[in-house]
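J.: just coords:
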C-alpha cells in the first residue's frame, strides 16, 4: 500500500498586532492597487465541453493493491507564529446543551467510502483512490439533492431519497484523466474539495472542484492548476452540464496574475452567488516552495456560465493580499455568502453586492473578532471590461474562539483503541445571508484541563452598505457545547424567514461519530442538540496510521434551505453499510423543518 499525499504544501501566515483593530476600510478597484499587496486583473474563462451522468454506475472492486490518498492537510498550526499579548486570555466554557436521541425525521445514507472508491465506468472503472476524509459538496433544489464527496458524485430524489443516478467519478464527469490506472500505474488529474449550490433565480446547479496537473509517472504536481466549474443546462441535474476551467496557476501564463513563488494552486475553493454573479474564493499556495499568498477572489457573471453572453465576459480576479502594514498578516478563507430561495424583497442577498465572512485567528490560538467583506457593483461583471468592482471590509468584535482540540470517540469492540478525530482549525465555515443577517460558525476550543473539548462558535451578523463601504454589527452569537463530548465541522442552513439549523458531527468517549444538528436563530441561543444518524462504530480509517493515531474527519459539512423552507444537512458519520479494508466513513443526508 502506498500513500499519495499532497500535505507537503506548507502554510504560513504572518503575525498580528492589536493596532490593526482600528485600521480603516479599504477599497479594491480594477485599477492597479498598491495597498497591502492588493492586485486585481481580468482573465479568461475557458469552456471545456459538456458533462453528464450517461453511463454512470458503481464499478467493480479491483483485486489489485490499494492506493490511498489523504485529502489536503488543513492543519495550519505547525507554521503559526506566537500570538501577541492582546489576545483573549482563555477559551470560553459555556453551559452544555442537552442531547436528544436520534430523530425519526426524513433522511438517508449518502455516498460512502466504498461508493467513492468504486465510482466510475468504462475506462474510469477501478481508477479511484481510497480517500480520507470525505469533503462534502451538497446542494438541494427543484426536487433534487446533489451530493459530491471527494471525487464522486450522485443525484437523489429530494422527496424519497432514492438515487436517480449511479455514483460517478468526478474526473469522469469533468472529462479529466482517471486518478490512477492500476494496470500501468499512470497517475491522472488531482482533484479535490467539491462544492455545490442551487440557484433558484436561474434554476441551475453549480458545482466546483480543485484540479492540479500531475506527472503521470510519479503523481507529483507539475505546476498548472485550476478550479473546474460545472453548471447544469436545465433545472434537472441528471441532464447535461456546461463545463469550464478557471486557471489558478498565477505564474503569469495563460493570462493569469504573476503572484509570488507561483506556479500555485487554489486550495479549498469556496463558492457563492448573488443576483449578478458567481464567486469563488481560494487559499493560494505555491506548489514548489514554502509560502502562502492568501485569499484569492474570483467573480464572473452568471450569464457567462449559462452560455448567454458569448465569450465577452471575463473573470475578475482579486488577490486580497495582506493586512495593512505594519502587521503583515495574510487574509485567508473568505467564505462567500449564499441566500435561501424565495427570499423576500430587501431581505435576501443584496442586489449588486456579495458578502463574505472570514475569521482572524492568524496564529492558531484565540481571537475575538471576525471580518465582514462586501463586494459591490457586481453588475459590472457582465461588461467586457468592468472597471468599478469595489471590495471593502470591516471588523466586528465577537465571542472568543480558537484552535480546537482533537475530538474523542467511543472505543470499538474487543481491544480496539479509539483514535482521535482531527478537527483541523477555526477557519470560517459556510455563510448564509438571510432576513438581513449573515450566519456562520467555526470550530473552537472550549473549556480547559479536564473539561477541554471541541465545540462550535456561531455568529449572526447584520451587514450594511453605504456606497461601497461595508459596516456590520453582531446580532447574535453563542456556542454549541456538549458535556463530555465534542461537536465539530458546523454548517448553517437558513430559510427565507430567518429560521436556521446547524449541522455538525457529534462524538465523544461514550458515542461513536454521529450526525447531529441544532436550531439557530438571530435572537436565541442554539439548541438543543438532536442526533439525526447514530454512528455504529468508531472511525478506523487508514489516515490514523500516518498521524500518530489521529484520524482525518470530514473537512466541512453542508446545510442548505430548499424552496419549502426546510433545511437539508449533509454530514459525515459511520454507517452500517459495506466498507472497504482501508476506511469505513459514510455520509448522511437529512431534512429538518425548523
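T.: The structure has been received and is ready for your questions. Note that the coordinates shown come from a computational prediction; the quantities given were computed from them, not determined experimentally.
J.: going forward, measure contacts between C-alpha atoms and count neighbours the same way
T.: OK.
J.: shaky segments in the stretch 301-450 of the chain?
T.: Where the stretch 301-450 of the chain drops to pLDDT under 70, the residues are 309-312, 323-329, 344-350, 384-387, 414-416.
J.: so what does whatever helix or strand residue 245 lives in touch, helix or strand wise?
T.: According to DSSP states H and E, residue 245 maps onto strand 241-247. Applying 3 or more CA pairs under 8 Å, 6 or more residues apart in numbering; DSSP states H and E, one finds that strand 241-247 contacts strand 46-51, strand 221-232.
J.: 10 Å instead, please
T.: strand 46-51, strand 204-214, strand 221-232, helix 302-305 (3 or more CA pairs under 10 Å, 6 or more residues apart in numbering; DSSP states H and E).
J.: That strand pairs with which strands?
T.: strand 46-51 (antiparallel), strand 221-232 (antiparallel) (DSSP bridges).
J.: average pLDDT for that strand?
T.: Averaging pLDDT along strand 241-247 yields 97.
J.: Sheet-wise, list the partners of the following helix or strand past it with their directions.
T.: As assigned by DSSP H and E, the chain's next helix or strand after strand 241-247 is strand 264-273. When pairing is defined by DSSP bridges, strand 264-273 lines up against strand 277-286 (antiparallel).
J.: now the strand it pairs with: how far from the chain's centre is it?
T.: Distance of strand 277-286 from the chain centroid (CA atoms, centre = their mean, to the nearest Å) equals 11 Å.
J.: What residues of it count as buried?
T.: Neighbour counts over strand 277-286 (16 or more other CA atoms under 10 Å) mark 277, 278, 279, 280, 281, 282, 283, 284, 285, 286 as buried.
J.: again, but for stretch 253-268
T.: 256, 257, 259, 261, 262, 263, 264, 265, 266, 267, 268.
J.: one step back: out of the buried residues of strand 277-286, give me the two with the largest separation.
T.: The largest separation in the buried residues of strand 277-286, counting by CA to CA, is between 277 and 286 at 27.8 Å.
J.: picking that back up, is it possible to export the helices and strands packed on strand 241-247 to a markdown table including distance to residue 573?
T.: Listed next are the helices and strands packed on strand 241-247 as a markdown table, based on distance: least, CA to CA, whole Å:
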| stretch | distance to residue 573 |
| --- | --- |
| strand 46-51 | 30 |
| strand 204-214 | 23 |
| strand 221-232 | 28 |
| helix 302-305 | 34 |
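J.: who wins for proximity to residue 407 among the ones you listed?
T.: Distance to residue 407, taken as CA to CA, is lowest for strand 204-214 among the helices and strands packed on strand 241-247, at 27.5 Å.
J.: what angle sits between the closest one and strand 221-232?
T.: 170 degrees (axes from the mean of the first three to the mean of the last three CA atoms, to 10 degrees).
J.: mind checking the SS state of residue 544?
T.: With DSSP: H, G, I helix; E, B strand; the rest coil as the basis, residue 544 sits in helix.
J.: residues contacting the residue nearest to it when sequence neighbours are not counted?
T.: Leaving aside its chain neighbours, residue 544 sits nearest to residue 551 (4.2 Å; criterion: CA to CA, 6 or more residues apart in numbering). When contacts are counted by CA atoms under 10 Å, 6 or more residues apart in numbering, residue 551 touches 132-133, 406-407, 418-423, 539-545.
J.: Tell me the buried residues within those.
T.: By 16+ other CA under 10 Å, those give 132-133, 406-407, 418-423, 539-544 as buried.
J.: what helices or strands is the helix or strand encompassing residue 401 leaning on?
T.: Per DSSP H and E, residue 401 falls inside strand 390-402. Judged by 3+ CA pairs under 10 Å, 6+ apart, the packing partners of strand 390-402 are strand 353-359, strand 366-376, strand 437-446, strand 453-466, strand 469-480.
J.: Name every strand pairing with it and say which way it goes.
T.: Sheet pairing for strand 390-402, using DSSP bridges, gives strand 366-376 (antiparallel).
J.: got the angle for the partner strand vs strand 469-480?
T.: 140 degrees.
J.: any idea of the angle strand 366-376 forms with strand 353-359?
T.: 170 degrees.
J.: what's the angle from strand 366-376 to strand 453-466?
T.: Using the same axes, to 10 degrees: strand 366-376 against strand 453-466 is 30 degrees.
J.: what distance separates strand 366-376 from the middle of the whole chain?
T.: 17 Å.
J.: I'd like to know how many residues surround residue 547.
T.: Residue 547: 12 surrounding residues under other CA atoms under 10 Å.
J.: do the one 3 residues further on as well
T.: Counted with other CA under 10 Å, the burial measure for residue 550 works out to 22 neighbours.
J.: would you say residue 337 is within a helix?
T.: No: counting by three-state DSSP, residue 337 is not found in a helix; it is strand.
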